[in-house]
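**Q** I'd like to go over a predicted model; first the sequence, then the structure.
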Amino acid sequence: MSADTLSVSILPGVGPQRQRTLGLLGIETIADLLTYYPFRYEDRNAKAGRELADGARVTVRVTVDGMPGVKYRGKRASTTMVPVVTEDVRRLHAVWFNQPYVKDQLKPGRKMTITGKYDAKRRSISVAHHDFVVAGETVHSDRIVPVYEVKADITPKILRNLLAHAVKTYGEQVDELLPMILRQKYKLLDRCPALQQIHFPKDGEHLHQARRRLVFEEFFLFQLKLQAFRWLHRHEQPGVSHPIPEEALATFAERLPFAMTGAQRRVAGEIVRDMQSPVPMNRLVQGDVGSGKTVLAFLALYAAKVCGHQGALMVPTEILAEQHYRAAQELLEPLGCRVGMLVGSQKEKERRQVLAEMESGDVDVVIGTHALLEEGVRFRSLSVVITDEQHRFGVEQRSIFRQKGHAPDVLFMSATPIPRTLAMSVFGDLDVSVVDELPAGRQPIQTYWITPDKEERALRFIRGELVKGRQAYIVCPLVEESEKVEGVVNATALYEMLKDWFAGYEVGLMHGKLKAAEKEDVMRRFTKNEIQVLVSTTVIEVGVNVPNSTAMMVYNAERFGLAQLHQLRGRVGRGEHASSCILMSKPDTDAGLERMKAMVATQDGFVLAEKDLHLRGPGEFFGVRQSGIPEFKLGDLLQDAKIMEVARGEVQECLRAADFWTLPSYQPLVHYLKREKVLLQRAGD
Ligand SMILES: Nc1ncnc2c1ncn2[C@@H]1O[C@H](COP(=O)(O)OP(=O)(O)OP(=O)(O)O)[C@@H](O)[C@H]1O
């Protein structure tokens with residue numbers, strides 16, 4: 001068995017309790033542990049007293065130079081202070097907060113290495129970490145020290161011990177995935193020394209080399225998954241060719257209550273061309289919020305039916321499935337398409353019926369959630385698969401979905417503008433269409449940023465919209481009181497308050513903790529204008545479409561990222577009426593302030609995404625749900641963009657080689673693809 005699959009429970013000192021905590025940190029196997037990377041490093045190489053900079057976190061070697069004193073403030077708070085002298089004879093004070101017990105160890109003449117923040121005015125260091133020097137021994141802190149996220153009984157020290165043991169015992173046994181030829185070409189460390197150095201770096205240069213190797217590996221494997229998926233897709237001939245008659249397209253366009261925009265027509269043309277070809281389609285449709293992507297998805301589903309096949313649309317939430325189901329029924333049923341829906345919360349009887357209809361071909365189009373991926377879900381002849389907000393479904397899931405048809409055409413829809421600087425390397429495997437035009441007649445959304453003292457004025461403004469017959473969303477970060485965070489509004493309390501405020505109108509409450517049926521009911525009533533004000537958490541952020549809503553107010557707007565605010569704002573301005581978005585916040589950071597300003601300044605999702613990326617860095621930008629891209633453990637898409645480019649090119653080369661799937665040196669990669677379910681194992685493999 002390779003170390004990749006061994007459980008951490010084989011490590012000394014890991015009993016059931018620690019194993020559980022490790023599990024909470026996402027560490028189950030030895031491989032998980034070895035790739036549990038530090039989130040930062042501290043340079044604990046000792047500095048001389050004269051090199052200390054005010055406010056900096058520093059490490060110095062000192063000798064205790066007097067008696068320690070402890071002052072108590074109240075029952076628990078204490079300050080322990082002792083005079084010390086540095087090796088270059090500067091006198092300072094070392095200070096410990098709330099650790100009175102260190103006093104006993106601070107004997108005059110004792111040598112130690114302390115790390116902490118230096119205050120030049122007081123000439124003191126508030127100690128966060130100390131190590132006493134035992135005669136003749138080198139101190140462990142005199143180097144670059146990794147800092148990990150830890151939890152409960154897994155302290156930094158325990159984690160480090162486990163890592164030391166794992167690296168030593170199993171480091172040699174972890175699978176080396178990168179082919180030798182690439183390691184040589186780019187002078188990359190082997191995997192074992194790289195893991196050793198990333199956790200226990202000898203110095204800055206070793207750390208740099210370790211990181212370079214592991215980031216390359218991470219990006220390479222990411223690209224491999226993407227591109228192998230596409231490769232298989234293309235080579236699994238024959239795909240389905242859809243000879244869509246011109247008249248069918250014309251009929252579809254006539255049924256629409258509006259004329260398509262130029263951008264919609266262009267993208268529709270690209271989709272139709274892909275579908276006509278026997279090479280399976282693999283296309284991403286990117287479009288800003290409200291640009292009208294849904295109709296393009298429906299067109300593809302309809303085209304499948306016209307050609308005698310079936311189409312499926314998979315969306316991330318039941319709210320969306322329900323919304324698209326209703327819209328698809330309205331548009332497609334008069335065109336002779338039978339539409340079905342499959343979601344997790346359906347009653348067994350309903351579910352069985354729709355499953356039977358899908359298998360027999362009694363439904364042509366199915367809209368659903370993850371439930372579509374389950375075993376036992378079968379189609380008579382699935383030829384088009386569409387996933388909305390594709391990033392929420394990994395390659396593995398796409399692969400499972402694809403197996404339910406015979407090399408079906410695949411279309412991804414995304415409302416997340418991925419900054420152009422990154423799109424190339426991240427969507428390296430897809431053809432991309434951009435719906436870069438909003439439907440005619442849309443009025444710009446007026447965005448206001450206000451401070452909380454203007455809350456009443458804003459609510460009065462919203463009432464004004466209701467009087468005009470419009471509807472409103474009021475969004476806040478938390479669901480209920482129990483999650484209480486100082487100064488942050490929760491939906492349940494806000495709902496209670498606003499019911500009175502908007503007396504005479506129906507106020508609804510929506511959040512992720514409601515039962516599926518309740519959510520559906522609230523959403524249906526809001527869509528029908530039986531509810532005028534919807535108080536909600538961010539569950540409404542993706543795709544919800546109620547064009548009569550013209551006002552949105554966001555409480556604690558500082559708690560949301562730019563991309564998320566943009567998505568939220570996109571829930572209004574979807575019809576002919578002028579709309580407004582009021583962001584209420586008192587940002588306490590510069591970045592928060594910048595976000596508010598950016599939201600007021602522009603409505604262009606691409607501009608905002610670029611800004612967000614630079615304000616927060618890719619880690620956080622891509623970490624949020626609305627992102628677009630998986631999180632990387634180590635790689636940083638901005639800083640390491642070059643490595644991603646190179647990895648992408650190398651993967652292309654590998655896959656181009658005729659013998660990729662059989663050559664022994666690539667076998668570890670082929671096994672990796674099987675393990676990751678990109679390459680589904682066939683019986684007998
Ligand atoms: N060409 C058009 N002319 C007028 N209205 C349109 C046009 N295309 C779409 N619409 C309408 O615009 C609204 C938004 O469209 P849709 O829901 O498809 O947006 P979307 O691109 O999916 O946005 P989001 O990503 O925010 O969900 C819908 O009410 C839709 O009926």
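**A** Okay, I see it.
**Q** in space, what's closest to residue 329 - neighbours in sequence excluded?
**A** Using CB to CB, 6 or more residues apart in numbering and skipping the chain neighbours, the partner closest in space to residue 329 is residue 339 (5.0 Å). Any C-beta I mention is one placed from the backbone N, CA and C, and that applies to glycine too.
**Q** partner residues bridging the one you found?
**A** residue 365 (DSSP bridges).
**Q** go ahead and confirm it touches residue 367.
**A** Yes - with contact defined as CB atoms under 8 Å, residue 339 counts as touching residue 367 (6.9 Å).
**Q** can I get the helix or strand harbouring residue 265 in PDB? Just the C-alpha atoms.
**A** Here residue 265, judged by DSSP states H and E, is contained in helix 262-276. Extracted in PDB, the C-alpha atoms of helix 262-276 (Å, rounded to 0.1, in the frame of the first residue of the first chain):
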ATOM      1  CA  GLY A 262     -26.700  40.400 -30.500                       C
ATOM      2  CA  ALA A 263     -24.500  38.700 -27.900                       C
ATOM      3  CA  GLN A 264     -27.100  36.000 -27.300                       C
ATOM      4  CA  ARG A 265     -27.500  35.400 -31.000                       C
ATOM      5  CA  ARG A 266     -23.800  35.100 -31.500                       C
ATOM      6  CA  VAL A 267     -23.400  32.600 -28.600                       C
ATOM      7  CA  ALA A 268     -26.500  30.700 -29.700                       C
ATOM      8  CA  GLY A 269     -24.800  30.300 -33.100                       C
ATOM      9  CA  GLU A 270     -21.600  29.000 -31.400                       C
ATOM     10  CA  ILE A 271     -23.600  26.500 -29.400                       C
ATOM     11  CA  VAL A 272     -25.600  25.300 -32.400                       C
ATOM     12  CA  ARG A 273     -22.400  24.800 -34.500                       C
ATOM     13  CA  ASP A 274     -20.800  22.800 -31.700                       C
ATOM     14  CA  MET A 275     -23.900  20.700 -31.400                       C
ATOM     15  CA  GLN A 276     -24.100  20.000 -35.100                       C
END
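**Q** buried set for it?
**A** Of the residues in helix 262-276, 263-264, 266-268, 270-272, 274-275 count as buried by neighbour count, 16 or more other CB atoms under 10 Å.
**Q** same for the ligand: which of those are within range?
**A** For the ligand, the contacts drawn from the buried residues of helix 262-276 by CB under 6 Å from any ligand atom are residue 264.
**Q** got the buried residues of helix 262-276 as CSV, with distance to residue 562 columns?
**A** Shown next, in CSV, are the buried residues of helix 262-276 (distance: CB to CB, whole Å):
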residue, distance to residue 562
263, 24
264, 26
266, 28
267, 26
268, 30
270, 29
271, 30
272, 35
274, 32
275, 35
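**Q** how about low-confidence regions in the stretch 1-150 of the chain?
**A** 1-4, 133-142 (pLDDT under 70).
**Q** and it, which residues reach the ligand?
**A** So the stretch 1-150 of the chain never meets the ligand (CB under 6 Å from any ligand atom).
**Q** over to the stretch 501-650 of the chain?
**A** So the stretch 501-650 of the chain meets the ligand at 543, 545, 547, 570, 574 (CB under 6 Å from any ligand atom).
**Q** what's the farthest-apart pair in those residues?
**A** Greatest spatial distance in these: 543 and 547, 13.2 Å, computed using CB to CB.
**Q** that older thread, tell me the one among the residues of the stretch 501-650 of the chain next to the ligand nearest to residue 469.
**A** Comparing those against residue 469 with CB to CB places residue 547 closest, at 12.6 Å.
**Q** quick one, helices of the stretch 551-685 of the chain?
**A** In the stretch 551-685 of the chain, the segments counted as helices under DSSP state H, counting those that start in this stretch are 562-569, 590-601, 605-623, 641-656, 667-675.
**Q** dump the ones you listed to TSV, plus mean pLDDT and mean neighbour count.
**A** Converted to TSV, these look like this (pLDDT from 0 to 100; neighbours: other CB atoms under 10 Å):
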stretch	mean pLDDT	mean neighbour count
helix 562-569	86	26
helix 590-601	88	17
helix 605-623	68	20
helix 641-656	88	18
helix 667-675	88	16
